[in-house]
Each structure stands twice: as structure tokens, then as C-alpha cells.
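> dropping the sequence and predicted coords here.
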Amino acid sequence: MTRILNRLYAISTYFGVLDTGWQRPCWALTAGVMAAAAMPPVFAVVFLIPGFVIFFKLLEAASSGRRAFVVGWWFGVGHFAAGLYWVSYAFMVEADVYGALAPVAVVMMAAGMALFTGLFAWMAAKSFKYIIASAARVFVFAALWVVVEWIRSWAFTGFPWNLMGTVWSFSDVMMQGASLFSVYGLSLLTVFMATAPVLIIKPGPVFRDKAVVAFAALSGLALFAFGYVRLPVMQSEFANATRLRLVQPNVAQKLKWKRELRARHVRQLIDLSLSPYQGKAADIVIWPEAAVPYDLANTGGLKQAIGTAAPPGGVVLLGAPKGSPRGQRPFRIWNSLFAVNPDGRVAATYDKAHLVPFGEYLPFRNIIGDRFGKLTAGRTDFTPGPGPKTVKLKNRPAFSPLICYEVIFPDAVVDKTNRPEWLLNLTNDGWFGLSAGPYQHLAAARLRAVEQGLPLIRVANTGVSVATDSYGRITGQIGLGEQGVLDVDLPPKLKTLTLYARFGNVVPAVLVFVFFALGGLLGRTPPIKT
């Protein structure tokens, strides 16, 4: 063991002296790719350790804040390019128009997102000037990482995709910590546990170093123990539960908006909805985001056709564009959810609030003008809705609708003044084919169920459509690239609020403060030799 530790120390020292030349960016880039390998669907969590150990050592050796920023930027380029490569698939839907932009989009997105890891690295390097002990630096390193993740969740409209805590979504047990301090708290502990081994890969680590590594190991064990104790036996029956039918049509994105195929797509959805039930009949039928490729608000007779798919006394919940009334100027359009009764009447609507830049609207439109269009159909930018909303249907549990990536924002999925009984995520991941993107989206959605203590129903055009209980455990699913229906009972919500649902981001903020305090305390404590 001593020989192995000495060898690792020699390697880590090598990283530490690479202050100039091309080696430092290459190692930072490699470390970022390693960290990305821990994300869904690969879940190679063990790669976080070499990734963050290398990153930490590179930052310790950086001679200035500027050099640290460059190291962090290269780490981010590797991390986001490897983790978000699937963005390029959206440009291949209309390859003749946008295909040439696919590699450019990945590079530009990775370069832009890497500004956040560059900011983190600069902040870490500045703090290292005042905190000499590596043991103290590890605490500050983890805390700063989460501060920047939080900034990333709202800056420039926000993009909290693949937060580091998401790496545990492969494990029902390890995810449960999100009920206490959200995915942000999981991120903090994950980065801490991944970085702490840097303290023992050197000859004769002092007691303080060993204690911090032991604390990191105990943090992981505590997460596991909490999740193991928290999870009850999976419920197979839900008394008096609302029955749901999830419909996944699996329509290829390049065919979805072809004018000559639109009516066929709607007929396919109706036929799937009316197929024989698996068990008792459904109360609610659910179609995905933009399932109906028409302006549903201004298309006469279509709502009556959709109503034929609704169960007696039930509704169809579906996604479709909604335009402003004919003749109204300026014309506006929303990405909306509709609840349609059997008679074709609309019982409720919800307009998506958090729009996707370049996909649903073009940033800086007033400067760029109409020379460029968004990726989705039509030239008109979508208009955002007012925000989280609880929709109450007659004699049915109230739900919070979340369209597409609205589900990735931890603190913006429910109306806190009127809490729902379940979360409904309609999405169309058909843009991203059979890639990692839909799995990463699913992982984020499941974490919202854990954080809020609410069941989550997710219906996607091409997959993955799932039902989860209030602990984020999947109770049924339709796989990626499959067509079909899933009949499930709606699981009950938790009887008591989770800690995160009760106090929100105050909880992870307290955890971040504790880590900063521990870093400051250890930074002032002289080392004890062992």
C-alpha cells in the first residue's frame, strides 16, 4: 500500500509542476472528461477521484488567478463537451440547414459553460493564497464548486444540467440525501469525497489529512445509511389511486412537423390511447410535449377529436402550441399543456415559463433581427408563461406541470403557496436521438421527486417515459426509442414535507457555510504529526 501511495504521490507532484506549456491544459481537459464519465448513463463514479484530484493539484500549482482560470476553463471544456455532446443531434434533425453547425454548437456550448468552471478555479486559487493547508483547501474547494453550480442555475436564464450530485441517480439509496439538501448538497459531498483522497497520496500524511479523508469516507457511508433507512419497501398497490395511461408515440423529430403527416401523428396518439388497458381503465391519459403538431387554440374540431381519447369522466393531458386569437397583434405563441375533456372542452392550460434559448427563442432578437431562426418549427419566438402553477382537475389530485427542461431547476418546480400532489413532466427528447441526453434529463427529473417528496410522471415523445414514486424510484417505464403505452397507478405523495421542500435552498446554503467554516478552522490549526 505504501508503494502505491508513493507512486500516486509522484504522479500528483508531476501535475503540480506543470505550470507552463501545453501539458497543463491537456491534463485539465482530461480531468474534465473523467468527471463527465460519472454522469448518466455511464455512471463511472470512480472516475471522479482521478478527475478531481488532478484538477485540485493543477489549481494548487497555478501561479496566478489568471492561470487558474485557464486551467478551470480547460477542465470545463472537457467536462461539458463530453457531457453535452448530444446537443449536436438537434442540429441534425434538419441536417441540410443546420448540420454544419453541429460540431460548432458543441464546441461553443462547452466553451461558454466552461466560463463557470473557470470562475470556480479563479475563486479557488484566490482562496488558496489565504488557506495554506491542503486539508482545509479541500473543504473550500467543494463549497466553492456548489456556489458556482448555483450561479449556473440562474445566470443567463440558467442551465443547471448535470449538476455533480446527479452522478448518484443510478442508486435509489444514494439519491435520498436530496430530500435533505437537494442535488446541491449531493454535489457538495460528491466533490468533497472525490477530492479528499489527494490528502493521502503523499508520504506520511499528517493526522489532519487522515482525519479529513476519514470524514469524507464517513460522509459517503452516512449518505448510504440515510437512504437505506429512509426507503420503505416498494409499494405494489395504491388504494383508491388515480389510474394513468402514459402514451409514447415515438415519432421521429424530422417527421413530426411535416404538414402531410400531422393528422396521422394525432390519429396514432388517439389509437394508442384507446388500445386495450393493462388492468383497470385509466382516469387520465397523458401525451408528451408538443404531441399535437397544430396550434390547438386556433384549430377548429381538433379538440373534439382529442376528446375521444379521454376516458369517461377523465381527461387527456397533452402538449401543443397555443397561439394568440386570430387577428390579435402582435401574434404570440406559447408552448403549452392542455387538459381536454371527453366532449372536447379545455378544462385547464399551462404555458411553459422557462424557455430554451435558441430552441424556443433567439436571444438578442432585437439585435440579430430575423436573419436567423430558432431550431423549433416556425419563425416566431415562444412567449414565456408566468411560472410554476398547480393545476386542479375535478375529483383528481392537483399536479404541477413542467414542460421539457423546466424539471431541471431544483427550486422552481412547484408553487410553494399552493403545493401539488404530483409532478408532471411532458417532454420531447426526440431532438436528441438515442444519446445520453434523454437519460441525463430523466436523472434530473427523478431528483425533483426526491427533493419534493412527490411522485413524478414523465411522458416523452421518444422516451424515456416513466412513473416514479415520491422517493424517485421508477415504478414503470417505456424505454428510449420505443412506442407504447404504460398503465400505472399514481403513487401517493409523502405525508410530511421533506427538509428541502420545507426550507428550500437555505438547507444547502447552510451546508456550504459549514464547509467554508471548517476550511477556515482547519486552515488556522497547526498540523499534528503521526
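Ah, there it is. Numbers count the residues shown, from 1 in each chain.
> quick one: low-confidence ranges for the stretch 101-250 of the chain?
202-205, 234-239 (pLDDT under 70).
> ok, now with 80
In the predicted model of the stretch 101-250 of the chain, residues 202-205, 233-240 satisfy pLDDT under 80.
> using the three-state scheme, assign the most centrally placed residue in the chain.
Closest residue to the average C-alpha location of the chain: Ala444 at 3.5 Å, with Cα atoms, centre = their mean. When classified by DSSP: H, G, I helix; E, B strand; the rest coil, Ala444 comes out as helix.
> can you tell me the closest non-neighbouring residue to it?
Residue nearest to Ala444 in three dimensions, not counting chain neighbours: Ile408, with 4.4 Å by Cβ to Cβ, 6 or more residues apart in numbering. Where you see a C-beta, it was placed from the backbone N, CA and C, and this is true even at glycine.
> tell me how far that neighbour lies from Pro492.
Distance, Ile408 to Pro492, by Cβ to Cβ, to the nearest Å: 25 Å.
> ok, the two, which is more surrounded?
Ile408 (27 against 18; other Cβ atoms under 10 Å).
> so what's the residue nearest to the centre of the chain up against?
Residues near Ala444 by Cβ atoms under 8 Å, 6 or more residues apart in numbering: 161, 163, 166, 169, 183, 407-408.
> which one of those residues has the most neighbours?
Going by other Cβ under 10 Å, Val183 tops these with 31 neighbours.
> longest helix in the protein, by residue count?
When the chain is parsed with DSSP state H, its longest helix is helix 102-128.
> what's the first helix or strand past it going along the chain packed up against?
Downstream of helix 102-128, the next assigned helix or strand under DSSP states H and E is helix 134-152. If you count contacts as 3 or more Cβ pairs under 8 Å, 6 or more residues apart in numbering; DSSP states H and E, helix 134-152 packs onto helix 48-61, helix 102-128, helix 178-195, helix 207-230, helix 506-524.
> report the angle between helix 134-152 and helix 48-61.
Angle, helix 134-152 to helix 48-61, by axes from the mean of the first three to the mean of the last three Cα atoms, to 10 degrees: 100 degrees.
> if I look at the residue nearest to Gly504 when sequence neighbours are not counted, how far off is Glu451?
The shortest distance from Gly504 to any non-neighbouring residue, by Cβ to Cβ, 6+ apart, is to Asp411 (5.7 Å). To Glu451, Asp411 is 9 Å away according to Cβ to Cβ.
> these two: which has the busier surroundings?
Per other Cβ under 10 Å, whichever of Asp411 and Glu451 has more neighbours is Glu451, with 28 against 18.
> mind listing what the more buried one touches?
If you count contacts by Cβ under 8 Å, 6+ apart, Glu451 has them with 178-179, 182-183, 410, 498, 500-501.
> give the contact list for Ala44.
Listed by Cβ under 8 Å, 6+ apart, the contact set of Ala44 reads 37-38.
> distance check, it against Met193.
15 Å.
> domain parsing of this protein, as residue ranges.
Domain assignment for the chain by automatic domain parsing gives 2-231+512-524, 243-491.
> and after the host helix or strand of Gln477, which helix or strand comes next?
Using DSSP H and E, Gln477 maps to strand 474-478. Going down the chain from strand 474-478, the next helix or strand is strand 484-489, by DSSP H and E.
> so for that following strand, what's the average pLDDT?
When pLDDT is averaged over strand 484-489, the result is 96.
> show me what counts as buried in the following helix or strand past it.
In the C-terminal direction, the helix or strand that comes right after strand 484-489 (DSSP H and E) is helix 499-503. For helix 499-503, the neighbour count (16 or more other Cβ atoms under 10 Å) marks 499-501 as buried.
> how about stretch 305-319?
Buried residues in stretch 305-319, counting neighbours by 16+ other Cβ under 10 Å, are found at 305-307, 309-311, 314-319.
> picking up where we left off before, please name whichever of the helices and strands packed on helix 134-152 is nearest to Phe80.
Within those, the stretch nearest Phe80 is helix 102-128; the backing value is 4.1 Å (Cβ to Cβ).
> for Leu246, which three-state class applies?
Relying on three-state DSSP, one would call Leu246 strand.
> which ones are touching it?
Shown in contact with Leu246 (Cβ under 8 Å, 6+ apart): 286, 457, 459, 465, 467, 476, 478, 485-488.
> which of those lies closest to Arg267?
The closest of the contacts of Leu246 to Arg267 turns out to be Val485 (Cβ to Cβ; 15.2 Å).
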